[in-house]
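Colleague: no sequence on this one, just coordinates:
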């Protein structure tokens, strides 16, 4: 089997790591070829760089796929994988797809160890696209600059192992995936040092086409065996010339002819098909009912949770309002502030006006010693004396 691995990055040192691990993991008789992207970036970390890497991988695959039985996109995130499957007439897989397919068979909770913090959001989207976001325990990555992309394993071996141990201890990971072509081969080093399995993307991607090849050969052998048995039976089947009842000689045995077996055989097959369909429909109905029951239980639980949250939110709002009012009153009292009283409309004392008018008359007549209380005009309650 001829296998082509395409590195969408431009780092030849990473391609050397990929080729070394691919040759160790390949089945006997598999020829491995690794090609590096002619343009792009040294290591893909963002979605835009993945677009560039996908274009570079597509160009390499279009030029060289005719000589190979399968193609592997050797970069975590599988840039351009779906497009290459539409383009190429040979099987195409990617590191992420193969690693996740292997990891979900080894454990339920999956953690991914990467070498860059910038790449975590994109990796999460890739896991979600593969339908395993519910089983993702965590994505942990190095938080330090990388001097050489091809020497990450040697420069940060202790930090990578610590990330794996923290994923198991703190995140509950049951299986760990080492993400990225620069970490190719590190799983072999960590094997036996961690309490959970460690999956290498390159190894998983190389073994998957080998499984396809073995499965295809097995199907071909099975079909050829059935064809040989059928040919042998037809060659041994001869018509007996002296048999008037329509019997045939088959491999030395006397049996009924095809015409005599046809009607009962068809009826029996029809009954078997009916029973099989009934069983299938019954199982399908039970499956639908089970899904409906689970969905109703989930909706009921969600409704109860939302109602509890609404009640708690209303209670919290009332308590918060009361607290704000209390703090406002305390603040006003601490600064000696008193709220203004309600203003009253001015009222006139008619009796005082009359006395004042009488005082004016006395003054005109020459009595200057008159002293009369002024009318109550305004907001107070004390009358002010006005000399006449």
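Modeller: Arrived safely. A quick note: this is a predicted structure, and the numbers were derived from the prediction, not measured. Numbering: from 1, shown residues only.

Colleague: now the helix or strand that contains residue 293: mean pLDDT?
Modeller: Here residue 293 is covered by helix 258-334, with elements defined by DSSP states H and E. For helix 258-334, mean pLDDT is 75.

Colleague: From the chain's centroid, how far away is that helix?
Modeller: Relative to the centre of its chain, helix 258-334 is centred 20 Å away, using CA atoms, centre = their mean, to the nearest Å.

Colleague: what's the answer for stretch 5-18, then?
Modeller: Relative to its parent chain, stretch 5-18 has a centroid offset of 27 Å by CA atoms, centre = their mean.

Colleague: for that stretch, what is the average pLDDT?
Modeller: Over the span of stretch 5-18, the pLDDT mean works out to 92.

Colleague: cool, stretch 28-37 as well?
Modeller: Stretch 28-37 shows a mean pLDDT of 91 in the predicted model.

Colleague: how far does that stretch stretch from start to finish?
Modeller: Across its full length, stretch 28-37 reaches 27 Å between end residues, using CA to CA, to the nearest Å.

Colleague: For residue 35, pull up the helix or strand it's in.
Modeller: Per DSSP H and E, residue 35 falls inside strand 31-36.

Colleague: which residues are in contact with the helix or strand just after that strand?
Modeller: As assigned by DSSP H and E, the chain's next helix or strand after strand 31-36 is helix 47-64. For helix 47-64, the surrounding residues in contact (CB atoms under 8 Å, 6 or more residues apart in numbering) are 4, 6, 8-9, 35, 37-41, 44, 71, 73, 75, 77, 79-80, 83-84, 87-88, 92, 122. (C-beta placed from N, C-alpha, C; glycine too.)

Colleague: again, 7 Å this time
Modeller: For helix 47-64, the external contacting residues (CB atoms under 7 Å, 6 or more residues apart in numbering) are 4, 6, 8-9, 35, 37-41, 44, 71, 73, 75, 77, 79-80, 83-84, 87-88, 122.

Colleague: so how far is that helix from its chain's centroid?
Modeller: Distance, centroid of helix 47-64 to centroid of chain: 24 Å (CA atoms, centre = their mean).

Colleague: From residue 119, how far off is residue 194?
Modeller: 22 Å (CB to CB, to the nearest Å).

Colleague: out of the two, which sits in the busier spot?
Modeller: The residue with more neighbours, out of residue 194 and residue 119 and counting by other CB atoms under 10 Å, is residue 119; that gives 25 against 16.

Colleague: Strands along the stretch 101-250 of the chain, start to end?
Modeller: If DSSP state E, counting those that start in this stretch is used as the criterion, the strands of the stretch 101-250 of the chain fall at 110-114, 136-141, 175-178, 198-200, 237-239, 247-250.

Colleague: Please identify which of these is closest to residue 21.
Modeller: Evaluated with CB to CB, the strands of the stretch 101-250 of the chain place strand 198-200 nearest to residue 21, the distance being 6.6 Å.

Colleague: about what we covered before: for PyMOL, what selects the buried ones among the contacts of helix 47-64?
Modeller: Only the buried members of the contacts of helix 47-64 enter the following PyMOL selection, criterion being 16 or more other CB atoms under 10 Å:
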select buried, resi 4+6+8+9+35+37+40+41+44+71+73+75+77+79+80+84+88+122
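
Colleague: if you skip the residues just before and after it, what's nearest to residue 44?
Modeller: Spatially, and ignoring its direct neighbours in sequence, residue 44 is nearest to residue 53 (4.9 Å; CB to CB, 6 or more residues apart in numbering).
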